[in-house]
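# model the structure of this input:
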Amino acid sequence: MLLLVEDLHWADTSTLEFLEVLVTTASDVPLFGIFTARCEFDVGWSTVAALRTIELSRFQRAEVEAMVRSVALGKALPSEVLWQITVRSDGVPLFVEELTRSILDSGALSERAVSWEAVGPVAVEIPATMDASLTSRIDRLGASRATAQLAATIGREFSLELLREVSERDEATVRKDLERLLQAGLAWSADDEMDHFVFKHALVRDAAYNSLLRSTRQHYHSRIAAALRERFADETSTRPHLIAGHLTSAGEDEDAVTFWEAAGQQALVRTAVHEAAKHFQQAIDCLQRLPATIKRQERELELQILLAPLLMAVYGWGAVEVEQACTRALGLAQDLGRDDLSYAPQWGLWTNHFLRGELIPALEAAEALLQIAQDSHVPVIELTGRHATSYTLFCRGEYKRAIEEADAGLALYDFEREKELVNRFGLSSTVCLRSSKAHSLWMLGQVDEATEECDRLLQLGRDLRHPPSLAAALAFCMYGVAFRYSYVGQMERLVEIADELLTLSREEGFFLWYAQSYTYRGVIGQATGDHRARRQMLEGLELWEQTGSRLTSVMMNVLCAEALYRLGDDDEAFRRLEVAEAETARQEGLLAPDIWRLRGRLLARQGEHSAAEAAYCQAIERAQAQHALSLELRAALDLYELRAQDGPAHESRAALTGLLERFTQGLDRPELVRARTIVRAPT
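A predicted model of the protein is given here:
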């Protein structure tokens, strides 16, 4: 027999007495009992030999994500919303569930085919279903409630020393109030000396804080800020965000700006990108509430320039947040006549066009940037200009020019300067240059050089110890591995690198890279036999669109189409190719010839040989226009296989012979081995 009793902490005395008798006297009864309770609850009979206590740990990020998905009708939430739920819930399953339900019920998300999309600001606040319960627990503290509210104003973590300093109650009363708070299970002591305390959960702290009148909160914050500045100088120098938050809530914006900026700089040193972006944005918000002066504009310009690259790392370069920060910075630079500070926001606006897939204006912007960079005669600036031109050309499918620009940029590389560059621009330009060169080389058939360059870019991404640059390096290497193995159906080779990027993106909150690695995980799933592969691919593509980025849409849809073809889902594969073809109107050329090659495969499987042959010929022509020898070979092989069904296919065989003569590297690749087998076979 199984006996399940949940939430013992809510049980009445009679029930607890009955269970105690049952547990202590029924040792010979074939009964398996499972009892759940909050960790602070003591049943009083935990020493019984037959009883085993299992303390359940909080959910990890992957477990939070799985639970959120189950509540959200099996669909993925936007990456930023998932990040907020993970942080606010603190891994407590009940809070994960209730926060998710609250957000879905708020109307801030719109349901799509396989995901949810934000249609407005999403506030992750205490759900109404929990608010009354938490408030009731705070109210039951009686006279000690006031101390709990003051402690909550200090923050989720607070010290007895600071609480005593700002409280109007004497020390004995404050200690008594804290004992009551602990007994109620609302907080716990962080040390044996009972000097430091933590609210059990952020939502518990919020409930206590929200029960204060606004005027009382502001008064408390002002008192706490004054105490921190006067009596706790060491604390404020190491954790400036604490005093900044209190000053902001007290309405003392001018002083708050200095501390928010210091907090942002500290976070930058730790490469805590999310934190730094949040702190600089808070500083800007405080500044914008101050009277407009030249000094205020100059300070905001400096902060906007610091903020923009952080927003690029968090939201992706195509995000509206990036556009707003760069546009504002450029406007301030022009108003102040600071042309010397206009390059970084202009570079940021290039990335905005670029990641949105607007490759015609992106190339114009990149060429203008390069001219400014060259005129500066500053190597690190010219390096970023070459980055802009080389990567834009690569994504347009202009591989030879992309390599020329990459080589010009790489000639300026210096590791120490690169470390300075990543802090200023938020991303390693050399990682990007090595990527555009590596993948352009692969397209041109120079696969051995491409592999070596790819290894260099990943190593640099690791050596820099800069998470945004490492994420980019992992993503770029993932492209290269995908180019190499998608045709032969060996995408399982991407598992290690895709999982590393997915984990890094979860930990750091890189929404753009999370969406991309999630999509690739679906493509990999096809190769490994994962039944969730199709859904994960389509979810990933929707999440990718929600970042505001369109760049590499052709490539991602083509790779998904190839995986869907292998799954036998021809209808969805055709749809992905239609999406990819539409995206080529913006001049995105990366992997574009494969649209027609894959369309040929699908048509051939449906018995439409004439249409398939025309599609293969189109793929060959487009690959030739890009000088993409690797893609031309694949299309030529598929065309030969189609024609060989009806006869010797001499013309296709001759074409393969000519192609083989142009390859000098990677001769052991499956495509080249297959081509040699064909041309050497007796006619």
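# what packs against the longest helix seen in the chain?
When the chain is parsed with DSSP state H, its longest helix is helix 294-315. If you count contacts as 3 or more Cβ pairs under 8 Å, 6 or more residues apart in numbering; DSSP states H and E, helix 294-315 packs onto helix 253-269, helix 273-288, helix 320-336, helix 343-355, helix 467-485, helix 511-528. C-beta: built from backbone N, CA, C; applies to glycine.
# return it as PDB; C-alpha atoms alone will do.
Extracted as PDB, the C-alpha positions of helix 294-315 are listed here (Å, rounded to 0.1, in the frame of the first residue of the first chain):
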ATOM      1  CA  ILE A 294      25.400  69.900 -21.200                       C
ATOM      2  CA  LYS A 295      27.100  68.000 -18.300                       C
ATOM      3  CA  ARG A 296      24.200  65.600 -18.100                       C
ATOM      4  CA  GLN A 297      24.300  65.000 -21.900                       C
ATOM      5  CA  GLU A 298      28.000  64.300 -21.800                       C
ATOM      6  CA  ARG A 299      27.600  61.800 -19.000                       C
ATOM      7  CA  GLU A 300      24.700  60.100 -20.700                       C
ATOM      8  CA  LEU A 301      26.700  59.800 -23.900                       C
ATOM      9  CA  GLU A 302      29.500  58.000 -22.100                       C
ATOM     10  CA  LEU A 303      27.000  55.600 -20.500                       C
ATOM     11  CA  GLN A 304      25.100  54.900 -23.700                       C
ATOM     12  CA  ILE A 305      28.400  54.000 -25.400                       C
ATOM     13  CA  LEU A 306      29.100  51.600 -22.500                       C
ATOM     14  CA  LEU A 307      25.600  50.100 -22.600                       C
ATOM     15  CA  ALA A 308      25.200  49.400 -26.300                       C
ATOM     16  CA  PRO A 309      27.700  46.500 -26.700                       C
ATOM     17  CA  LEU A 310      26.300  44.900 -23.500                       C
ATOM     18  CA  LEU A 311      22.800  45.000 -25.000                       C
ATOM     19  CA  MET A 312      24.300  43.400 -28.200                       C
ATOM     20  CA  ALA A 313      25.600  40.500 -26.200                       C
ATOM     21  CA  VAL A 314      22.300  40.000 -24.200                       C
ATOM     22  CA  TYR A 315      19.600  40.600 -26.800                       C
END
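# buried stuff in it?
297, 299-315 (16 or more other Cβ atoms under 10 Å).
# re earlier: make TSV out of the helices and strands packed on helix 294-315 and add distance to residue 155.
TSV is the format used below for those (distance: least, Cβ to Cβ, whole Å):
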stretch	distance to residue 155
helix 253-269	14
helix 273-288	15
helix 320-336	27
helix 343-355	34
helix 467-485	26
helix 511-528	27
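# for those helices, give me CSV that also has mean neighbour count.
Below are the helices and strands packed on helix 294-315 laid out as CSV (neighbours: other Cβ atoms under 10 Å):
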stretch, mean neighbour count
helix 253-269, 20
helix 273-288, 22
helix 320-336, 19
helix 343-355, 24
helix 467-485, 23
helix 511-528, 24
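# so which of these gets nearest residue 643?
Among those, the nearest to residue 643 by Cβ to Cβ is helix 467-485 (25.6 Å).
# tell me which helix or strand comes right after that closest one.
Next along the chain after helix 467-485, taking DSSP states H and E as the criterion, comes helix 495-508.
# kindly calculate the angle that that next one makes with helix 294-315.
Angle, helix 495-508 to helix 294-315, by axes from the mean of the first three to the mean of the last three Cα atoms, to 10 degrees: 140 degrees.
# can I get helix 495-508 as PDB, trimmed to CA atoms?
Extracted in PDB, the C-alpha atoms of helix 495-508 (Å, rounded to 0.1, in the frame of the first residue of the first chain):
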ATOM      1  CA  VAL A 495      26.500  17.700 -30.200                       C
ATOM      2  CA  GLU A 496      29.500  18.800 -28.000                       C
ATOM      3  CA  ILE A 497      29.800  22.300 -29.400                       C
ATOM      4  CA  ALA A 498      26.000  22.900 -29.500                       C
ATOM      5  CA  ASP A 499      25.600  21.800 -25.900                       C
ATOM      6  CA  GLU A 500      28.400  24.000 -24.700                       C
ATOM      7  CA  LEU A 501      26.900  27.000 -26.400                       C
ATOM      8  CA  LEU A 502      23.400  26.200 -25.100                       C
ATOM      9  CA  THR A 503      24.700  25.900 -21.600                       C
ATOM     10  CA  LEU A 504      26.700  29.100 -21.800                       C
ATOM     11  CA  SER A 505      23.700  30.900 -23.200                       C
ATOM     12  CA  ARG A 506      21.500  29.700 -20.400                       C
ATOM     13  CA  GLU A 507      24.000  30.700 -17.700                       C
ATOM     14  CA  GLU A 508      24.800  34.100 -19.200                       C
END
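# buried residues in that helix?
Buried residues in helix 495-508, counted by 16+ other Cβ under 10 Å: 495, 497, 498, 500, 501, 502, 504, 505, 506, 508.
# relative to helix 467-485, how tilted is that helix?
Using the same axes, to 10 degrees: helix 495-508 against helix 467-485 is 150 degrees.
# so where's the stretch 251-400 of the chain shaky on pLDDT?
Nowhere does the stretch 251-400 of the chain drop to pLDDT under 70.
# count the neighbours of residue 489 for me.
The number of residues packed around residue 489, counting by other Cβ atoms under 10 Å, is 14.
# ok now do it, which residues does it touch?
Residue 489 sits next to 527, 566 when contact means Cβ atoms under 8 Å, 6 or more residues apart in numbering.
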